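In: Could you work out the structure for the sequence below:
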Amino acid sequence: MRNKMTGAKTLFLTMCAVGVLTATTPTWAAGSVTNCAQVSTTNEKDIDSTPGNQPNDQAIIDALAQTPPGNEDDEACAKLDITSVYDFGDAPISYGTNGTTAARHEIISGLMLGTSIDDELDGQASDNADGDGTDEDGVNMPSLVDGSALELNVTVTNTTTKDSFIGCWIDYNKDGKFATDGSEYGGASVPKGMSGGLVKVTMPSVPATASVDTKGSTYARCRLSSDLIDASKANGSLTDGEVEDYNVTITANPIFDLALRKRVDTTATPAKIKAGDTVKYTIEVINQGNVDATDVVVTDYIPSDMTVADTNWTDNKDGTATLTTPLATVAKGTTQTITITLQVKATAVAGKVTNTAEISSAKGGTDVDSTPDANVGNEPKVVDDEVNGKGGTEDEDDHDIAEITIDPAVDVKLAKSIEDNTGAPVTTSRHGDEVVYVLTVTNEGKDMATGVAVNDLLPTGLVYVSDNSGSAYNPQTGAWTVGDLAAGANKTIKITAKVN
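Out: Numbers count the residues shown, from 1 in each chain. Have a look, this model is predicted:
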C-alpha cells in the first residue's frame with residue numbers, strides 16, 4: 001500500500017454556539033485525540049444548561065461517558081483517531097528492507113528527502129530498488145567510477161524546529177549489506193529551517209576494484225531523521241524522516257597505456273661530459289592506449305653530481321624535479337616531447353651517471369601496465385628505452401633511464417729545474433761539466449690521471465749520461481712514461497747530461 005504525501009497531517013474541528021466558545025487544550029490518547037468545547041457564557045439565562053460549569057475537557061468526557069450521559073447540551077466533544085504512517089526502503093531484502101529490522105521512518109510534516117514521500121505498511125524489497133515507486137528524488141547520484149572520490153548532493157527539507165541528520169551508505173563490495181564500520185558510509189547534519197536546500201555528503205572513495213566486486217551494479221541508501229545517524233544505523237527504525245534506496249552502477253576506470261622514453265641529446269653513447277657542462281635530455285611521453293590522458297605530471301630524479309638548469313622544471317630540493325606545467329592532454333595514440341637541462345657539478349666524480357624520469361601522475365584512466373608514482377626505488381626491473389613493459393616484476397614502461405659518462409677532471413703540472421751532482425742549483429756551466437735536469441709531474445686535479453707521458457729530448461750540445469727512472473725514460477726519443485697519477489700524486493725523474 002502506498003500513498004503520496006507532500007503536506008502536513010491536519011486536524012479539522014468546527015464549533016458553533018450562541019455566545020462565546022472556549023476550545024480547551026486537546027487531550028491525546030494512544031492513537032486518538034479528543035477535543036471538547038463548552039459554552040462558557042451568555043448574556044441571557046440558558047433554559048437547560050449552565051454555561052462554563054465544566055472545569056476541563058476530562059470533566060466533559062466523563063459526563064459523556066455516564067449512562068445516561070450526564071453532560072448538558074452546551075457541551076460537546078469530537079474524537080479523532082490518529083494513524084501513524086511510515087516510509088520503508090525498497091532495496092533487496094538482505095539490506096534490512098522488511099520486518100522488524102527494516103529501515104523505517106514515521107512520516108511527519110516538514111522533514112523529507114527531495115520533493116515527496118510515499119508511505120507503506122512494510123518494506124517493498126526489489127532488485128531495482130523501486131518497489132515502493134519512484135519517489136527516490138532526494139539524491140543526485142553521480143557516476144561511480146573505480147578509485148574516484150565521491151560526494152553526494154542531497155536535496156533536503158527540514159522545516160521542523162530542530163536540526164536533523166543524513167546518513168548514506170553504498171555497498172561497495174556487494175556483500176548484501178551496508179557496512180557498519182564507516183567504510184561505506186558518509187553523513188552530514190541538516191539545519192532546521194531548510195526548505196529544498198542542498199546538503200553535500202562526502203562518501204569514502206570508490207574502491208579501485210569496486211566495478212569488479214559488484215559486477216557493475218550495487219545498492220545505496222540514504223536516511224534523514226531528527227535522530228542522530230551514524231554508520232551503524234543503516235537498518236532499524238528511526239523516529240521520523242525518510243529513507244531512499246537506489247540501484248547504482250559502478251564503472252571501471254578507463255584504461256590507458258602511458259610510456260616514457262628518455263635520451264641524451266648527443267651522438268655518443270653514453271655521452272661523454274666534463275665537469276661543469278650542461279646536458280640536455282629529451283623525454284617522450286607516449287600514450288599507447290585508446291583513452292586520452294590528462295594532467296600528466298613528469299618527475300625527474302636528479303643525480304647527486306648534477307643540478308637543475310631548466311626554468312620549465314621545478315627543483316623540489318629533495319633530489320627530484322617536476323615538470324612545472326603538467327601536460328594538459330596526451331591524446332590516445334600520440335606522443336609529446338619535452339626536454340630537461342641539467343648541469344654537471346664542478347665537483348662531480350668521473351664515471352657513469354644515470355638520470356631517470358618517470359610519469360608520476362596522470363588523470364583520465366588507469367595505466368594498464370605501470371603505476372605512476374614518484375618513487376625511483378620501486379621499479380623491479382629497469383630496461384632502457386623499453387616502451388612495451390609488462391609491469392609486475394617486469395619493467396614499467398612509464399619510467400626510463402639515460403646515461404652519461406663524466407670524463408675525469410685532471411690537472412697535470414710539470415716543473416723543470418737544473419742542478420749539479422750535489423743537488424745545488426745550476427744556472428751556468430762550462431764545456432765538459434755534467435748537469436742534472438730535474439722534471440716533476442704533479443696531478444693537481446681531483447681524479448686520477450692515467451697514461452701520463454712526458455717528452456724531454458736533450459737538445460744538441462748535451463750528451464745523455466744517465467737517469468734514475470729505470471727503463472721509463474728513452475734517451476733516444478726523449479719519452480718518459482710516467483703512467484698513472486692519483487689525485488695529488490707526483491713523480492720525479494733526474495736526467496744527467498754532459499755539456500759537449
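
In: Make sure residue 356 is actually in contact with residue 299.
Out: No: Residue 356 is not in contact with residue 299 according to C-beta atoms under 8 Å; the separation is 9.0 Å. Just so you know, the C-beta spots here come from the backbone N, C-alpha and C atoms, and that holds for glycine as well.

In: Stretch 199-212: which residues count as buried?
Out: Of the residues in stretch 199-212, those scored as buried under the neighbour-count criterion (16 or more other C-beta atoms under 10 Å) are 199, 201, 203, 206-207, 210-211.

In: In helices only, show me these.
Out: Counting by DSSP state H, the members of the buried residues of stretch 199-212 that fall within helices are 210-211.

In: Among the buried residues of stretch 199-212, which lie within strands?
Out: Here DSSP state E is the test, and these give 199, 201, 203 as lying in strands.

In: quick one: which of the buried residues of stretch 199-212 is nearest to residue 421?
Out: Distance to residue 421, by C-beta to C-beta, is smallest for residue 207 among these, at 91.3 Å.

In: Report the spatially nearest residue to the closest one, omitting neighbours in sequence.
Out: Of all residues not flanking residue 207 in the chain, residue 172 sits nearest, at 5.3 Å (C-beta to C-beta, 6 or more residues apart in numbering).

In: In contact with that neighbour, which residues?
Out: For residue 172, the set of contacting residues under the criterion of C-beta atoms under 8 Å, 6 or more residues apart in numbering consists of 179, 183-184, 204, 206-207, 210, 213-214, 218, 250.

In: Closest to residue 232 out of the residues you listed?
Out: Among those, residue 179 lies closest to residue 232 (C-beta to C-beta), at 9.8 Å.

In: got the ones in strands among the buried residues of stretch 199-212 as JSON lines, with pLDDT columns?
Out: Formatted as JSON lines, these follow (pLDDT from 0 to 100):
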{"residue": "199", "pLDDT": "97"}
{"residue": "201", "pLDDT": "97"}
{"residue": "203", "pLDDT": "97"}
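
In: From residue 54, how far off is residue 78?
Out: Distance, residue 78 to residue 54, by C-beta to C-beta, to the nearest Å: 15 Å.

In: Tell me which of these two has more neighbours.
Out: Neighbours around residue 78 and residue 54, counted as other C-beta atoms under 10 Å, are more numerous at residue 54. The numbers are 21 against 15.

In: Pretty sure that one sits against residue 39.
Out: No: Residue 54 sits out of contact with residue 39 when judged by C-beta under 8 Å, with a separation of 10.2 Å.

In: Could you tell me which residues touch both of these two?
Out: Shared contacts of residue 54 and residue 39, defined by C-beta under 8 Å, 6+ apart, comprise residue 75.

In: all helices for the stretch 201-350 of the chain, in order.
Out: Read by DSSP state H, counting those that start in this stretch, the stretch 201-350 of the chain holds these helices, from start to end of the chain: 210-213.

In: which residues in it form strands?
Out: For the stretch 201-350 of the chain, the strands identified by DSSP state E, counting those that start in this stretch occupy 217-225, 237-238, 242-251, 255-256, 258-264, 271-273, 278-287, 293-301, 306-308, 313-315, 320-323, 327-330, 335-344, in order along the chain.

In: neighbouring contacts of stretch 460-469?
Out: With contact meaning C-beta under 8 Å, 6+ apart, stretch 460-469 is reached by 434-435, 458, 473, 475, 480, 493-500.

In: Figure out how far that stretch is from the centre of its chain.
Out: Averaging C-alpha positions (C-alpha atoms, centre = their mean, to the nearest Å) puts stretch 460-469 79 Å from its chain's average.

In: again with stretch 219-230
Out: The chain centroid and the centroid of stretch 219-230 are separated by 27 Å under C-alpha atoms, centre = their mean.

In: ok, now stretch 99-106?
Out: If you compare the mean C-alpha spot of stretch 99-106 with that of the full chain, they lie 37 Å apart, counting by C-alpha atoms, centre = their mean.

In: pLDDT averaged over that stretch, what's the number?
Out: Along stretch 99-106, the predicted confidence averages to a pLDDT of 90.

In: okay, it in CSV with CA atoms only?
Out: What follows is the C-alpha trace of stretch 99-106 in CSV, where atoms were taken according to Å, rounded to 0.1, in the frame of the first residue of the first chain:
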residue,chain,number,x,y,z
GLY,A,99,10.3,-7.0,9.0
THR,A,100,11.5,-5.9,12.5
THR,A,101,14.9,-4.8,11.3
ALA,A,102,13.6,-2.8,8.4
ALA,A,103,14.8,0.8,7.8
ARG,A,104,11.6,2.6,8.9
HIS,A,105,10.7,6.3,9.4
GLU,A,106,7.4,7.8,10.6
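
In: List the buried residues for that stretch?
Out: Going through stretch 99-106 with 16+ other C-beta under 10 Å, the ones that come out buried are 102-106.

In: Include distance to residue 237 when you put those residues into TSV, please.
Out: Shown next, in TSV, are those (distance: C-beta to C-beta, whole Å):
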residue	distance to residue 237
102	8
103	8
104	4
105	8
106	8
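
In: Relative to residue 318, which of these is nearest.
Out: Distances from residue 318 to the buried residues of stretch 99-106, taken as C-beta to C-beta, are shortest for residue 103 (50.6 Å).

In: I'd like to know how far the residue nearest to residue 207 sits from residue 422.
Out: Distance of residue 172 to residue 422, given as C-beta to C-beta: 96 Å.

In: Determine the set of other helices and strands touching the top helix by length along the chain.
Out: Using DSSP H to define each element, the chain has its longest helix at helix 57-65. Under the contact criterion of 3 or more C-beta pairs under 8 Å, 6 or more residues apart in numbering; DSSP states H and E, the helices and strands touching helix 57-65 comprise strand 27-29, strand 32-41, strand 75-81.

In: what about residue 433, how many residues close to it?
Out: So residue 433, with other C-beta under 10 Å, has 13 neighbours.

In: Could you spell out which stretches of this protein belong to which domain?
Out: According to automatic domain parsing, the chain comprises the domains 3-81, 86-251, 256-406, 412-499.

In: Now do the shortest one, average pLDDT.
Out: The average of the pLDDT scores along domain 3-81 is 68.

In: what does stretch 258-265 give?
Out: 91.

In: Okay, buried residues for it please.
Out: In terms of neighbour count (16+ other C-beta under 10 Å), stretch 258-265 has its buried residues at 258-264.
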